[in-house]
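Asker: what follows is a protein structure lacking sequence information:
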């Protein structure tokens, strides 16, 4: 046996997406990082070993403009380019490449941390065993991150934690049980099948379970065409100890997986399965829940559904509160009980560090949340953005020589926003950004909201919805309408409330107008809304028999179109996020005219907002080529230029095979551009990019340039007809 001791600024234990993003975040801020993972691949539950697709704040498209940015966003966009088919091995490579691109990260795979040296609430070191190499490594750091999911490092260090469900009385959570218990969400094994092109027999192994003797066939959906996470409900172990009973849980899951396959192949109910064979069956249970550590705050159901606006917010989530019955796949209840907020919710920094182990940060499913709130924070894209926040905090903690609890929250938020991380509703105020003192102009901007080229009819058989940016006002709205007979049409104008919301909440005004029989009529509604700040407007058009709207088969910047679908009888009410869907209207727009708008003005590229919030917060040009310019009254010296393009965070990208997005790159992302500086009256090119596929580009100039103006000249996008720029920044050397 060999032994070694290594020292880094930050040690991250756990190589799931939370740990990966934590390690990358700390490394990019100049810290040396040890990333320690007990499996041969990175990605945790999303890896090719387990194959859970990565979901997060988009909630499979229910939330809007909600896809994560920062490091998780980079992974989504890069995977879309490399791996639109959702190959799990290609996804492994995307994640591994992102880690290996950081020279400050030392990666230790197949290394299982099982010993922690800690005293007086401080971790001194952790020790891991690399089985294939017969190597024992002791890792020392001033700061440690437990991203293990199960929380072994924190538990061995003596960090306070909980397992199971709190009593309803503790946080007054309606979804908590009357009495506390140790019930958790269970674990899952998945399987893939493929068409072999010829008949394939299946002889079930001896451990196969006869699922017809259980409630599974009657209570769960079994389809021969389904693969992977379509079988998320193959869940067991919630009434056991998901760690200490892991082997027994795996065996039960295996028995049921093969039992389901036996049912598909041999029951005679699935004649289309004759040529199918099993391609892959998981061997590592995908765990959902175990220890949840206590921080200085515990996130609760009220914070999620109430969208609490924490002063120390450092990330966001948006998946439903998604709780499963203790019996898992054998339960008589539905496989999941879900409750959505009206939009994405905020995650405070105080849940990302231990309350009693002073140098321990947390990220992943083990953060400080109640069992009910954990039902949403547990999903992987949300754990990833918490990982980036925790890794950034670790880097600042080391740099300042203070424990994580004492990190300056304002500096943490500024650093995260500089890195384009996932914080919503908080603009970056950066005194180092020279753009903040510049005047901003452009070659032109999208200056009016109008879509008149619709060719498809949309019968108003159900209520329709249209979300528009209001900046500075919405005096009039016109809709393009067909009417089979004389009738009237009403619109209801709602303020959705928080800037990240896109559902009707507060009624502002109602207008009803007569509509004569006829086709392709522009119907005018006087609305006269002039809010004091930019807002989203939700225009609700109630259903009318014999009336149809027109739809253009293209997206429109800042605009969303919806139809209303009834809730199921078992769904809690109200849940507008479940009612209002754009699934059939994805990348399409109802035809309308709303007049002038400042929502896409050049100043939007320097207002500090890095994602839509009460409007799109993006400069959109009037065509291509286009330029966006920063000008100063006196010369400034620039050493770095940063451009944040629009990768369309409303598009629900995914890493595996749940759905297919039809383009390799977001069309709105700038592709080819030059950065030019005005020096002595002449434009000088200081940076050029072609075939861009990154949202955030940082240009360190080889030679600083003294200039009176700086501009980005966009000559091509990845498909959109105009340039979209979210932020343009300039920094001194």
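Answerer: Thanks, I have it. This one's a predicted model, so the numbers in the text were calculated from it and none came from an experiment.

Asker: gap between the two ends of stretch 417-428?
Answerer: One end of stretch 417-428 to the other measures 6 Å (CA to CA, to the nearest Å).

Asker: which other residues reach it?
Answerer: By CB atoms under 8 Å, 6 or more residues apart in numbering, the residues outside stretch 417-428 that reach it are 25, 28, 57, 68-73, 309, 313-316, 344, 346, 385, 388-389, 392, 413-414, 416, 430, 498-500, 607-611, 613, 644, 695-696, 727. No exception for glycine: its C-beta is placed from N, CA and C like everyone else's.

Asker: near the nearest residue to residue 148 once chain neighbours are set aside, how many other residues are there?
Answerer: With CB to CB, 6 or more residues apart in numbering as the measure, residue 14 is the residue that lies nearest to residue 148, at 4.0 Å, once sequence neighbours are left out. The local packing of residue 14 (other CB atoms under 10 Å) involves 32 other residues.

Asker: also residue 632?
Answerer: The burial count assigned to residue 632 is 18, neighbours taken as other CB under 10 Å.

Asker: contact partners for it?
Answerer: With contacts defined as CB under 8 Å, 6+ apart, residue 632 is in contact with 434, 437, 438, 439, 708, 709.

Asker: for the fourth one, which non-adjacent residue is closest in space?
Answerer: Same thing as residue 439. By the measure of CB to CB, 6+ apart, the closest residue to residue 439 outside its immediate chain neighbours is residue 631, 4.9 Å from it.

Asker: can you name the residues that contact the one you found?
Answerer: Going by CB under 8 Å, 6+ apart, the list of residues near residue 631 reads 438, 439, 440, 441, 678, 708, 709.

Asker: against residue 554, how distant is the second one?
Answerer: Translated: residue 439. Distance of residue 439 to residue 554, given as CB to CB, to the nearest Å: 33 Å.

Asker: pLDDT of the helix or strand hosting residue 302, averaged?
Answerer: Element membership of residue 302 [criterion: DSSP states H and E] is helix 301-305. Confidence over helix 301-305 (mean pLDDT, whole number) is 98.

Asker: hang on, the earlier thing: surely the residue nearest to residue 148 and residue 37 touch.
Answerer: Yes - under the criterion of CB atoms under 8 Å, residue 14 is in contact with residue 37, at a separation of 6.6 Å.

Asker: reformat the contacts of residue 632 as CSV; add pLDDT, distance to residue 1 and secondary structure.
Answerer: Supplementary listing: the contacts of residue 632 in CSV, determined by pLDDT from 0 to 100; distance: CB to CB, whole Å; DSSP: H, G, I helix; E, B strand; the rest coil:
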residue, pLDDT, distance to residue 1, secondary structure
434, 98, 56, helix
437, 96, 61, helix
438, 98, 61, coil
439, 98, 66, strand
708, 98, 66, strand
709, 98, 64, strand
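
Asker: who's the residue nearest to residue 439 bridged to?
Answerer: When assigned by DSSP bridges, residue 631 has beta-bridge partners residue 439, residue 709.

Asker: what of residue 119?
Answerer: In this entry, residue 119 is beta-bridged to residue 122, by DSSP bridges.

Asker: please report the distance of it from residue 157.
Answerer: In this structure, residue 119 and residue 157 are 10 Å apart, going by CB to CB.

Asker: quick one, which of the two is more surrounded?
Answerer: In this comparison of residue 119 against residue 157, neighbours counted by other CB under 10 Å, the higher total goes to residue 157 at 24 against 9.

Asker: what about that one, distance to residue 180?
Answerer: Relative to residue 180, residue 157 is positioned 24 Å away (criterion: CB to CB).

Asker: do residue 17 as well
Answerer: With CB to CB as the criterion, residue 17 and residue 180 are 30 Å apart.

Asker: which residue of the protein sits farthest from its center?
Answerer: Residue distances from the centre of the chain (CA atoms, centre = their mean) peak at residue 486, which lies 46.0 Å from the mean C-alpha position.

Asker: so who does residue 405 touch?
Answerer: Residue 405 is in contact with 296, 353, 358, counting by CB under 8 Å, 6+ apart.

Asker: tally of neighbours for the second one?
Answerer: What it means is residue 353. Using other CB under 10 Å, residue 353 has 29 neighbouring residues.

Asker: excluding its backbone neighbours, what's nearest it?
Answerer: Of all residues beyond its chain neighbours, the one nearest residue 353 is residue 404 (4.3 Å), with distances taken as CB to CB, 6+ apart.

Asker: quick check: phi and psi at that neighbour.
Answerer: Reported as degrees, to the nearest 10, the phi and psi values for residue 404 are phi -50, psi -40.

Asker: got a list of what it touches?
Answerer: With CB under 8 Å, 6+ apart as the criterion, the residues that contact residue 404 are 143, 352, 353, 358, 359, 360, 361, 393, 394, 397.

Asker: so which of those sit within strands?
Answerer: Here DSSP state E is the test, and the contacts of residue 404 give 143, 360, 361 as lying in strands.

Asker: contacting residues around the residue lying closest to the first one once chain neighbours are set aside?
Answerer: To tie it back to what came earlier, the one meant is residue 143. Setting aside the residues directly before and after it, residue 143 is nearest to residue 394 in space (CB to CB, 6+ apart), at 4.7 Å. Under the criterion of CB under 8 Å, 6+ apart, the contact list for residue 394 reads 9, 10, 22, 26, 31, 143, 145, 361, 404.

Asker: scan these and report the most crowded one.
Answerer: Using other CB under 10 Å as the contact criterion, the top neighbour count among the contacts of residue 394 goes to residue 22, which has 37 neighbours.

Asker: is it correct that residue 66 is in contact with residue 55?
Answerer: No - shown here, residue 66 and residue 55 do not form a contact pair, counting by CB under 8 Å, at 11.2 Å.

Asker: more neighbours: which of these two?
Answerer: When residue 66 and residue 55 are compared for neighbours, residue 66 comes out ahead with 27 against 21, by other CB under 10 Å.

Asker: and residue 589, how close does it get to residue 527?
Answerer: Applying CB to CB to residue 589 and residue 527 gives a distance of 19 Å.

Asker: can you pull out the helices in the protein?
Answerer: Secondary structure of the chain, counting by DSSP state H: helices at 17-28, 70-82, 88-100, 152-157, 168-171, 216-219, 246-266, 301-305, 371-377, 380-400, 409-418, 576-579.

Asker: what residues does the fourth one touch?
Answerer: With CB under 8 Å, 6+ apart as the test, helix 152-157 has contacts from 13, 113-116, 118, 123, 126, 144, 146, 161, 291, 293, 354, 357, 360, 362, 366.

Asker: do the second one as well
Answerer: With CB under 8 Å, 6+ apart as the contact definition, helix 70-82 has outside contacts at 17, 20-21, 24-25, 54, 56, 67-68, 90-91, 93-95, 98, 381, 384-385, 387-388, 416, 419-422, 647, 649, 653-655, 661, 664-666, 669, 693-696.

Asker: in PyMOL, select just the buried ones from these.
Answerer: The command below creates a PyMOL selection of those among the contacts of helix 70-82 that count as buried (16 or more other CB atoms under 10 Å):
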select buried, resi 17+20+21+24+25+54+56+67+68+90+91+93+94+95+98+381+384+385+387+388+416+419+420+421+422+647+649+653+654+655+665+666+669+693+694+695+696
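
Asker: returning to that earlier point: now for the residue nearest to residue 148: which residues touch it?
Answerer: Listed by CB under 8 Å, 6+ apart, the contact partners of residue 14 are 36, 37, 44, 145, 146, 147, 148, 149, 364.

Asker: got those residues as JSON lines, with pLDDT columns?
Answerer: Output for these, formatted as JSON lines (pLDDT from 0 to 100):
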{"residue": "36", "pLDDT": "98"}
{"residue": "37", "pLDDT": "98"}
{"residue": "44", "pLDDT": "98"}
{"residue": "145", "pLDDT": "98"}
{"residue": "146", "pLDDT": "98"}
{"residue": "147", "pLDDT": "98"}
{"residue": "148", "pLDDT": "98"}
{"residue": "149", "pLDDT": "97"}
{"residue": "364", "pLDDT": "96"}
